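> sequence plus the predicted model coming up.
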Amino acid sequence: MSTSERMEKIVSLCKRRGFIFQSSEIYGGLNGCWDYGPLGTELKRNLKDFWWRRMVHERDDVVGMDGSILMNRQVWVASGHEGTFTDPMVDCRNCRSRFRADQLPEKNGRKQCTVCGSYDLTEPRAFNLMFKTYVGATEDESALTYLRPETAQAIFVQFKNILEVSRKKLPFGIAQVGKAFRNEINPRNFTFRSREFEQMELEYFCRPEQGLELLEYWLQERLKFYADIGIGSDLLHLHKIPPEECAHYSKGTYDIEFQFPFGVQELEGVAYRTDYDLTQHQKASGKSLEYFDEETKQHFIPHVVEPSAGVDRTVLALICAAFDEEQVTDEKGKAETRTLLRFHPRIAPIKCGIFPLLKNNERLVRQAREIVDLLRPHMMVFYDESGAIGRRYRRQDEAGTPFGVTVDFDTIGESGPAGEGTVTIRERDSMKQQRVALAEIKPFLLERIQ
Ligand code: GAP
């Protein structure tokens, strides 16, 4: 399968099974904006919940916050976004298409329009990626602000408040998950480059002398995180940004990249941003953002290491990593293609499908319903009684459901006492089946989805 064919199949599966739809589809869509359907929403929630668990709940040194999307315009002036958060834009004079200059292919040292092939392009000019909006009823400069292009700045401007209420000592971090908006010149590659997306960001504040060591520490933590959601190191590339390409305030940056079907692309940046952001906001606001070290009796502005990941990009990476097709033989001996998503059980949208062998047998249905009631408080399950059992398995394979519980005549004791009180648990990837006692279903599944 070619990489473009693979991507087409993934996009089509996402729509067919309700992972991701085009935003405002019935009106022709809105470029760069996407809606998550029932399965996509569960997948995204599981990812964000696991990130929060790893980064906040399982640690003593990180607390969370949830900042507003609209902030005082001065935040964006001080952070440098108003002045410099730009991409170089060029227009094709021939067909009037618009591009990001750095994404255009070059032929014989000249940039070429990817739509009509013309070389007649304008000089690149800086295009600010922030969406403008007005706060209140007056639409003039005094009311202007922006939809946040990253969640990080809310953390910097609340640093002092959170330091005081949490009573944390350096090093400690503030984590946040939320929407960000960028008016990308060329949204592309499905959800990869969107105009509205979510970020999961941690700002980990430290002493200046700890910065470089913590950069390496957080890089390793983040790689472990990806392995724990099923994106192993074989699918990732690590790119250490050469010092001359790092932002002027950064003393080191890594990009964690993923092998998407459309190429190796950034999933997350881990950056040592020194004391740049807090210093900028202290200068611009006139409010002290210093930390007082009780041991040394010194005041100083903390340095920060920032692992910043995209939710939507990671969801896309999870789907790309999980997508598979294999040739199997059905129960009648016919060869067929099985499409499946091999999600790690921890992030799979549905953890378990529950199937009575026949829908018109009251005892089978009642027993299956009881299992649904038993599991529902603990995990997302899906009850399905329609169609042949093989078809029901296939439907759940395509949704990425790692386990299926089938209630059959053994379960209800109609095939003799041997299998009474047991069900079949089918494992998605191997398709292996095993008999498990009714009382064991919950612990069996809980152990595997944590
Ligand atoms: N606070 C630092 C920051 O925002 P960034 O590299 O610009 O750094 C961090 O963004 C992450 O946000 C990226 O690695 C990516 O996963 C995600 N991201 C950025 N722009 C995006 C876009 N247009 N669409 C989807 N995700 C995006």
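Nice, thanks for sending it over.
> next up, the contacts around whichever residue of the stretch 301-450 of the chain sits closest to the ligand.
The ligand sits closest to G310 of the stretch 301-450 of the chain, with a gap of 2.3 Å, by C-beta to the nearest ligand atom. (C-beta placed from N, C-alpha, C; glycine too.) G310 sits next to 197-200, 267-268 when contact means C-beta atoms under 8 Å, 6 or more residues apart in numbering.
> let's see 7 Å
By C-beta atoms under 7 Å, 6 or more residues apart in numbering, the contact set of G310 is 197, 199, 267.
> so which of those residues is the closest to V56?
Nearest to V56 among the contacts of G310 is Q199, at 15.0 Å by C-beta to C-beta.
> any idea how far the closest one is from the ligand?
5 Å (C-beta to the nearest ligand atom, to the nearest Å).
> re earlier: pLDDT score assigned to the residue of the stretch 301-450 of the chain closest to the ligand?
Listed pLDDT for G310 reads 98.
> just grab the bridge partners of it for me.
Q199 (DSSP bridges).
> residues contacting R363?
Applying C-beta under 7 Å, 6+ apart, the residues near R363 are I412.
> report the buried residues of the strand or helix carrying it.
Per DSSP states H and E: R363 is located in helix 362-375. Buried residues in helix 362-375, counted by 16 or more other C-beta atoms under 10 Å: 364-365, 367-368, 371, 375.
> mind putting these into TSV with distance to L445?
Listed next are these as TSV, based on distance: C-beta to C-beta, whole Å:
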residue	distance to L445
L364	20
V365	21
Q367	17
A368	15
I371	10
L375	7
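> and which of these is nearest S79?
Once C-beta to C-beta is applied, the member of the buried residues of helix 362-375 that ends up nearest S79 is L375, at 46.6 Å.
> run a quick neighbour tally on the closest residue to that closest one other than its chain neighbours.
Distance criterion C-beta to C-beta, 6 or more residues apart in numbering; nearest residue to L375, sequence neighbours excluded, is V381 at 4.9 Å. By the criterion of other C-beta atoms under 10 Å, V381 has 20 neighbours.
> ditto for the one 5 residues further on
Around S386 there are 9 other residues, counting by other C-beta under 10 Å.
> cool, and L357?
Other residues close to L357 by other C-beta under 10 Å number 19.
> mind checking pLDDT for S386?
95.
> dump the residue contacts of it.
So S386 contacts K359 (C-beta under 7 Å, 6+ apart).
> what comes up buried for stretch 174-191?
174-178, 180-187, 189-191.
> mind checking the end-to-end distance for stretch 338-354?
Start-to-end span of stretch 338-354 (C-alpha to C-alpha, to the nearest Å) is 20 Å.
> mind checking pLDDT for Q103?
pLDDT, Q103: 87.
> my bad, N108
84.
> again with S288
So, for S288, pLDDT stands at 97.
> and it, how many residues sit next to it?
12.
> A strand includes it, no?
No. S288: not assigned to a strand; according to DSSP: H, G, I helix; E, B strand; the rest coil it is coil.
> ignoring the adjacent residues along the chain, who's closest to it?
Per C-beta to C-beta, 6+ apart, closest to S288 is Q282, 6.4 Å.
> which stretches of the stretch 201-350 of the chain form strands?
236-240, 252-260, 263-274, 291-293, 298-300, 303-310, 323-329, 335-341 (DSSP state E, counting those that start in this stretch).
> to R207, which of these lies closest?
strand 303-310 (6.9 Å).
> that closest one vs strand 263-274, what angle?
160 degrees (axes from the mean of the first three to the mean of the last three C-alpha atoms, to 10 degrees).
> now strand 303-310 and strand 252-260, what's the angle there?
Using the same axes, to 10 degrees: strand 303-310 against strand 252-260 is 10 degrees.
> what about the strands in the stretch 351-450 of the chain?
Counting by DSSP E, counting those that start in this stretch, the strands of the stretch 351-450 of the chain are 352-356, 381-383, 403-407, 422-427, 433-437.
> now those strands as CSV including distance to L289 and mean pLDDT?
What follows is the strands of the stretch 351-450 of the chain, written out as CSV (distance: least, C-beta to C-beta, whole Å; pLDDT from 0 to 100):
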stretch, distance to L289, mean pLDDT
strand 352-356, 49, 98
strand 381-383, 48, 98
strand 403-407, 50, 98
strand 422-427, 52, 98
strand 433-437, 56, 97
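> deepest of those, which one?
strand 352-356 (a mean of 26; mean count of other C-beta atoms under 10 Å).
> what's the angle between that one and strand 403-407?
Using the same axes, to 10 degrees: strand 352-356 against strand 403-407 is 20 degrees.
> residues making contact with strand 352-356?
By C-beta under 7 Å, 6+ apart, strand 352-356 touches 364-365, 368, 371-372, 375, 379, 381-385, 389, 392, 396, 401, 403-407, 445.
> same question, stretch 116-134
Counting by C-beta under 7 Å, 6+ apart, 76, 81, 85-95, 101, 110-113, 143-147, 149, 181-185 sit against stretch 116-134.
> filter the residues you listed by proximity to the ligand?
Filtering these for proximity to the ligand by C-beta under 6 Å from any ligand atom leaves 182, 184.
> pick the most deeply packed of the strands of the stretch 201-350 of the chain.
strand 303-310 (a mean of 24).
> kindly provide the distance from the closest residue to K283 other than its chain neighbours to E150.
Counting by C-beta to C-beta, 6+ apart, K283 lies nearest to A78, which is 7.2 Å off, once chain neighbours are set aside. Distance, A78 to E150, using C-beta to C-beta, to the nearest Å: 14 Å.
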